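In: Provide a 3D model corresponding to the input given below.
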Amino acid sequence: MITGIDIVIEARKMIGTPFKHQARVPGIKGGLDCVGLTVCIGRELGLEVKDRVDYARETDGQILLDSLQMHCEKSEEMQIGDIVQFLRGRTQWHVGVVSSLDPVPMMIHAKADIGGGGSVREDHMDAAWRRRIVGIWRYKGAA
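Out: Model prediction:
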């Protein structure tokens, strides 16, 4: 069985990958967006992950929700390795992987920078991020 630690180890291998909308190629010469990060982690761990790339950067969120429901189960309590779903503003959805809970929650996510660029990085899930959480998801087949 795959553990949360296995998921975090895989996610950390992708840190430094440039941000690229709808991309699915981990590594410094590749590109990932936040959904691509979760898709690639699942694939690397041998999970059956269905993928979609027919989404805009700002959307109603239904495509992201459909994708999460395809390869994840809803969770009530955040654990290491879970996927956290955020709503940023009214139309921009985002996901990250919980990498630590103590002393403060941290996440690995593919984040675009204002003005372009960005990368997969590990950041504190500060109060501003935590206020935007709208769902917690666990890969099917993960403990």
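In: CA only for contacts and neighbour counts going forward, please
Out: Will do.
In: tell me the contacts of V120?
Out: Going by CA atoms under 8 Å, 6 or more residues apart in numbering, V120 touches 14-19, 32, 108-111.
In: dig out what it forms beta bridges with.
Out: A110 (DSSP bridges).
In: now it: how far from E10?
Out: Here V120 is placed at a distance of 12 Å from E10 (CA to CA, to the nearest Å).
In: mind checking the longest strand of the protein?
Out: Determined from DSSP state E, the single longest strand within the chain is strand 92-100.
In: counting neighbours, what do you get for the spatially closest residue to A143 that is not a sequence neighbour?
Out: Spatial nearest neighbour of A143, chain neighbours left out: T3 (5.0 Å); criterion: CA to CA, 6 or more residues apart in numbering. T3 is flanked by 14 other residues according to other CA atoms under 10 Å.
In: ok so, going back, in the longest strand of the chain, what's buried?
Out: For strand 92-100, burial by neighbour count (16 or more other CA atoms under 10 Å) applies to 93-100.
In: mind putting those in a markdown table, distance to E44 and pLDDT included?
Out: Formatted as a markdown table, those follow (distance: CA to CA, whole Å; pLDDT from 0 to 100):
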| residue | distance to E44 | pLDDT |
| --- | --- | --- |
| W93 | 24 | 86 |
| H94 | 21 | 91 |
| V95 | 18 | 94 |
| G96 | 17 | 97 |
| V97 | 15 | 98 |
| V98 | 17 | 98 |
| S99 | 17 | 98 |
| S100 | 20 | 97 |
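In: out of the residues you listed, which is nearest to R43?
Out: Distance to R43, by CA to CA, is smallest for V97 among the buried residues of strand 92-100, at 14.7 Å.
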